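Colleague: dropping the sequence and predicted coords here.
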Amino acid sequence: MKEPHNKLFSINSYPRVRMRRNRMHKFSRRLVSENNLTVDDLIYPIFITYGLNKKEKINSMPGIYRFSLDRLETEIKYISSLNIPAIAFFPQTENKLKTSDGREAVNKNNLVCEAIRISKKVNPELGIICDVALDPYTDHGHDGVIIDNHIDNDKTLEILCQQSLIQAEAGCNIIAPSDMMDGRVGLIRDTLDKNGFINVQIMSYAVKYASAFYGPFRDAVGSSINLSNKSKNSYQMDPKNSDEALREIELDLNEGADMVIVKPGMPYLDIIHKVRENFKVPTYAYQVSGEYSMIKGAIDKGWFDEEKIIFESLIAFKRAGCSGIITYFAPYVAEILNNRKI
Ligand code: PBG
């Protein structure tokens, strides 16, 4: 009797709990995985530009292009074929159209409105998200208008409402205010509702930090020259703060936001987690241009395994609590997911 008892509790059976058991086989790893990345999680940003027959490289974002409108159809078809649920348009406005009040933002035939119409014609099912902010249109590169040397919140709001309305009229599904002015979500909601667009969604860039990670994006839309060395600190959030992020989210939700964005992504995973825990609302990360370029740059140098680093960077957002991710890697990831047997 003694022997089996001893065997059962012998030192050889230590450790009794082996965390590696569940990890030992692929089938088991699949069974125990807590999070998964699917094509449904992806939003793809597309840069559009003026002129004809352009598919321009962006120096600071290898592998990403700006498309002129006549080249957009092919890209929309490609993204649709990958079954990516939604895209986000970002325009590079011709310099001569940039003004101090960013009035091109409210031109019904501006690049974004034209792009929406093209995309809806090619594939009405593809969700379209449009930024609302003035920086692609202002000659000073700020997201709002400048009055008496500062960014005027309330004057900017009037323009943002108009910008949202023309985008909705052109067929945009989701209005995404990225300007960080106070009170814009409520006023945009009112404007949309008053004009019959009760079902146009608002995905608010509720938590947007004043970040150096936007550098390559500003090259892509051509606003870095305009902005020069001025900072957006008077409206974008201070990276030192986190409780403040929860106030931003709460305000935007109360004003009628349907979904919220935290931006940038990877350096702010703690914020994403807090937002999701506190509010339980659809929460998105923007894996911004600087994150893309950092990862892509290292891949191109041969320092990272491309597939592994990209998937790891994206599953982190799911684990933190994201419903989806705005990412320049969307087509790359969708190609792989669509071709995976398991
Ligand atoms: C504009 C806007 C920015 C980004 C999205 N919308 C830049 C900024 O605020 O300066 C950044 C996206 C990226 O870096 O990929 N309001």
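Modeller: Here it is on my side, so go on.

Colleague: quick one: the strands in the stretch 51-200 of the chain?
Modeller: 55-57, 65-68, 86-92, 127-132, 146-147, 150-151, 174-177 (DSSP state E, counting those that start in this stretch).

Colleague: out of the ones you listed, which one sits most buried?
Modeller: strand 174-177 (a mean of 26; mean count of other Cβ atoms under 10 Å). Quick note: C-beta positions are derived from backbone N, CA and C, even for glycine.

Colleague: would you mind pulling up the elements that it packs against?
Modeller: Other helices and strands packing on strand 174-177, by 3 or more Cβ pairs under 8 Å, 6 or more residues apart in numbering; DSSP states H and E, are strand 127-132, helix 153-170, helix 184-194, strand 201-208.

Colleague: again, 6 Å this time
Modeller: strand 127-132, strand 201-208 (3 or more Cβ pairs under 6 Å, 6 or more residues apart in numbering; DSSP states H and E).

Colleague: quick revisit: reformat the strands of the stretch 51-200 of the chain as JSON lines; add distance to Phe213.
Modeller: Below are the strands of the stretch 51-200 of the chain laid out as JSON lines (distance: least, Cβ to Cβ, whole Å):
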{"stretch": "strand 55-57", "distance to Phe213": "20"}
{"stretch": "strand 65-68", "distance to Phe213": "20"}
{"stretch": "strand 86-92", "distance to Phe213": "15"}
{"stretch": "strand 127-132", "distance to Phe213": "16"}
{"stretch": "strand 146-147", "distance to Phe213": "24"}
{"stretch": "strand 150-151", "distance to Phe213": "21"}
{"stretch": "strand 174-177", "distance to Phe213": "18"}
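
Colleague: dump those strands to a markdown table, plus distance to Ala168 and mean pLDDT.
Modeller: Converted to a markdown table, these look like this (distance: least, Cβ to Cβ, whole Å; pLDDT from 0 to 100):
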| stretch | distance to Ala168 | mean pLDDT |
| --- | --- | --- |
| strand 55-57 | 28 | 97 |
| strand 65-68 | 23 | 98 |
| strand 86-92 | 14 | 98 |
| strand 127-132 | 9 | 98 |
| strand 146-147 | 27 | 95 |
| strand 150-151 | 25 | 94 |
| strand 174-177 | 7 | 98 |
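
Colleague: of these, which is nearest the ligand?
Modeller: strand 127-132 (5.1 Å; Cβ to the nearest ligand atom).

Colleague: which residues does that closest one contact?
Modeller: Strand 127-132 is touched from outside by 85-86, 88-89, 112, 116, 119, 160, 163-164, 167, 172-178, with contacts defined as Cβ atoms under 6 Å, 6 or more residues apart in numbering.

Colleague: out of these, which are close to the ligand?
Modeller: Ser178 (Cβ under 6 Å from any ligand atom).

Colleague: where does the stretch 201-342 of the chain have low pLDDT?
Modeller: For the stretch 201-342 of the chain, residues meeting the criterion pLDDT under 70 lie at 342.
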